[in-house]
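Visitor: sequence below, structure please.
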Amino acid sequence: MRVGLAPMRDLLHRLGAPQARLKVVHVGGTKGKGSVCALVEAGLMRAGLRVGRYASPHVEAITERVCLQGRPVEDAVLAGALARALDAHEAARRDGTAGLEATWFDVLTAAGLAIFGEAGLDWAVVEVGLGGRLDSTNAVDGAVAVVTNVGLEHTEILGTTRAAIAAEKVGILKPGAALVTTLAPDDEAGAVLAARAAALGCPVLRPTLPDAGSIAGENAALAGLVLDRLGAGGACGRDGARLGADLLDAETCAGARLPGRLERRVVPTARGPVPAVLDGAHVPFNLAAVLRDLDRDPGLPGTCTALVALAGDKDAAGFFAVLARHAAAVVCTEMPERRGHGAAALRALAAAEGLEAEAVAIPDAALARAADLAARRGGWLLVTGSLHLVGALRAATEAP
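Guide: Residues are numbered from 1 along each chain as shown. This is a model prediction of the structure:
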């Protein structure tokens, strides 16, 4: 893990400090940050504003990471910005300055911010990559910082407790900004966030959420608070009206849905089309929320068969303990080019939780097998555990 942001700041300085020209909403957290970014983007666009959104990871194409007006930038635009960022990196290497230590994510983030700096944006919505305090995106200063929630994730980098992880995530909060979060001050992680906000003199805004609310409802509530805060600070839409949560009507929220987040698809099989849900949930508490929402959905018939791949740093045993309460069977697979749990090892962990489990190492074959099992049971398929898995298989599914 890096120890500072000097390499990123060096790159941006060499690119003309594009981040200094941006008004930013900065969004971090364990789950929901991408969806909250998309909702804030949609609300700002509905107000007639020009908006950029920086996201990670992508699902199918790297251009998804840099969006202007809700659309991924053209390949040539991103390629040109990457070339300039790589030139800055090479110049830093030549000069022996901090930028010589820049990572791939630094270069990509610098390219995205360069595109935004040249685009004449009213607002940029920037999603944290990992953690917050030392993340490449923390070279920006957000008018609002969002920490959606905090779970145990990337513990080898961020810390082994929710409090330690919260300290990293709230590192995106800057003096003069407001903090938006779901976490109460008496929560282990929420107390860390509240203390940091108090130390900086920053207000904390928390949505009022029902006890059994949906993921979509929680994300919309957070995005609405962001828009309310911007409006309270004097930010207006193109028509002169103050920004606010009322911009997020049902149509706007529906248009802000991202691929791989509770996404409905269909998998064709010899027995007929199988309903499928693609969701990149990869930590137990996120999976529990996803399955809670899906259990309420009358449009998903019969039992759930799951197709799972997990990165090596994920709590696979905890993941299957949650899945076993909802699914009848699981097919375990792996992403060969990524360091993850092997399919056979996942199958053993799933079987230990009482799941009917199989291992099929090749993702395409695993999808075919899992869809066939779901079709035989008259049920539906959940593809989960990794957005990379979702991205690899999404093209093999169809819109419903």
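Visitor: from here on, just use CA atoms for contacts and neighbour counts.
Guide: Fine.
Visitor: residue boundaries of the helices in the chain?
Guide: Per DSSP state H, the chain carries helices over the ranges 6-14, 33-46, 75-95, 104-118, 155-158, 162-169, 188-200, 215-232, 250-255, 284-295, 316-323, 343-352, 363-377, 387-393.
Visitor: of the ones you listed, which shows the lowest average pLDDT?
Guide: Of all the helices of the chain, mean pLDDT reaches its minimum on helix 155-158 (a mean of 62).
Visitor: return the most buried member of the helices of the chain.
Guide: Mean neighbour counts were taken over the helices of the chain using mean count of other C-alpha atoms under 10 Å, and the top value, a mean of 26, falls to helix 33-46.
Visitor: tilt between that one and helix 215-232?
Guide: Between the axes of helix 33-46 and helix 215-232, defined by axes from the mean of the first three to the mean of the last three C-alpha atoms, to 10 degrees, the angle is 50 degrees.
Visitor: please shift the residue numbers so they start at 868 in all later answers.
Guide: Sure thing, new numbering starts at 868, so read that last one as helix 900-913.
Visitor: which other helices and strands contact helix 900-913?
Guide: With contacts defined as 3 or more C-alpha pairs under 8 Å, 6 or more residues apart in numbering; DSSP states H and E, helix 900-913 has these neighbours: strand 891-895, strand 918-921, strand 990-994, helix 1082-1099, helix 1117-1122.
Visitor: need the contact partners of the third one.
Guide: Outside of strand 990-994, the residues that reach it under the criterion C-alpha atoms under 8 Å, 6 or more residues apart in numbering are 889-895, 900-901, 904, 907-908, 911, 916-923, 983, 1004.
Visitor: tell me the mean pLDDT over that strand?
Guide: Strand 990-994 shows a mean pLDDT of 98.
Visitor: that one pairs with which strands, and in what direction?
Guide: Partners of strand 990-994 in the sheet, by DSSP bridges, are strand 891-895 (parallel), strand 918-921 (parallel).
Visitor: ok, which of the helices of the chain comes nearest residue 934?
Guide: Comparison of the helices of the chain against residue 934 by C-alpha to C-alpha identifies helix 971-985 as nearest, at 8.8 Å.
Visitor: from the contact counts, what lies against that closest one?
Guide: If contacts are counted by 3+ C-alpha pairs under 8 Å, 6+ apart, helix 971-985 sits against helix 873-881, helix 942-962.
Visitor: including distance to residue 1184, could those helices go into JSON lines?
Guide: Below are the helices and strands packed on helix 971-985 laid out as JSON lines (distance: least, C-alpha to C-alpha, whole Å):
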{"stretch": "helix 873-881", "distance to residue 1184": "36"}
{"stretch": "helix 942-962", "distance to residue 1184": "39"}
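Visitor: who wins for proximity to residue 1235 among these?
Guide: Minimum separation from residue 1235 across those (C-alpha to C-alpha) falls at helix 942-962, 31.7 Å.
Visitor: what's the angle between that closest one and helix 873-881?
Guide: 110 degrees.
Visitor: show me what helix 942-962 is packed against.
Guide: If you count contacts as 3+ C-alpha pairs under 8 Å, 6+ apart, helix 942-962 packs onto helix 873-881, helix 971-985.
Visitor: which outside residues touch stretch 932-940?
Guide: Applying C-alpha under 8 Å, 6+ apart, the external contacts of stretch 932-940 come out as 908-909, 912, 917-925, 930-931, 945, 979.
Visitor: can we see that at 6 Å?
Guide: With C-alpha atoms under 6 Å, 6 or more residues apart in numbering as the test, stretch 932-940 has contacts from 918-923, 925, 930-931, 979.
Visitor: of all the residues you listed, which two lie farthest apart?
Guide: Using C-alpha to C-alpha, the two most remote members of those are 918 and 925, lying 18.6 Å apart.
Visitor: ok, those two, which is more surrounded?
Guide: Between residue 918 and residue 925, counted using other C-alpha atoms under 10 Å, the more crowded position is residue 918 (25 against 16).
Visitor: so how far is residue 885 from that one?
Guide: Separation of residue 918 from residue 885 (C-alpha to C-alpha, to the nearest Å): 15 Å.
Visitor: so which of the helices and strands packed on helix 900-913 is nearest residue 1144?
Guide: Comparing the helices and strands packed on helix 900-913 by C-alpha to C-alpha, helix 1082-1099 comes nearest, at 14.6 Å.
Visitor: pull the residues that contact the closest one.
Guide: 903, 907, 1074, 1109-1112.
Visitor: so which of the helices of the chain comes closest to residue 1137?
Guide: Comparing the helices of the chain against residue 1137 with C-alpha to C-alpha, the closest turns out to be helix 1230-1244 (8.0 Å).
Visitor: report the angle between that closest one and helix 1210-1219.
Guide: Using the same axes, to 10 degrees: helix 1230-1244 against helix 1210-1219 is 30 degrees.
Visitor: CA-only coordinates of helix 1230-1244, as CSV, when you get a sec.
Guide: Extracted as CSV, the C-alpha positions of helix 1230-1244 are listed here (Å, rounded to 0.1, in the frame of the first residue of the first chain):
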residue,chain,number,x,y,z
PRO,A,1230,-16.4,-19.1,-16.3
ASP,A,1231,-18.2,-19.6,-19.6
ALA,A,1232,-18.7,-23.3,-18.9
ALA,A,1233,-19.7,-22.5,-15.3
LEU,A,1234,-22.4,-20.2,-16.5
ALA,A,1235,-23.8,-22.8,-18.8
ARG,A,1236,-23.8,-25.4,-16.0
ALA,A,1237,-25.3,-23.0,-13.5
ALA,A,1238,-28.0,-21.9,-15.9
ASP,A,1239,-28.9,-25.6,-16.7
LEU,A,1240,-29.2,-26.4,-13.0
ALA,A,1241,-31.5,-23.4,-12.5
ALA,A,1242,-33.6,-24.4,-15.5
ARG,A,1243,-33.9,-28.0,-14.2
ARG,A,1244,-35.2,-26.6,-10.9
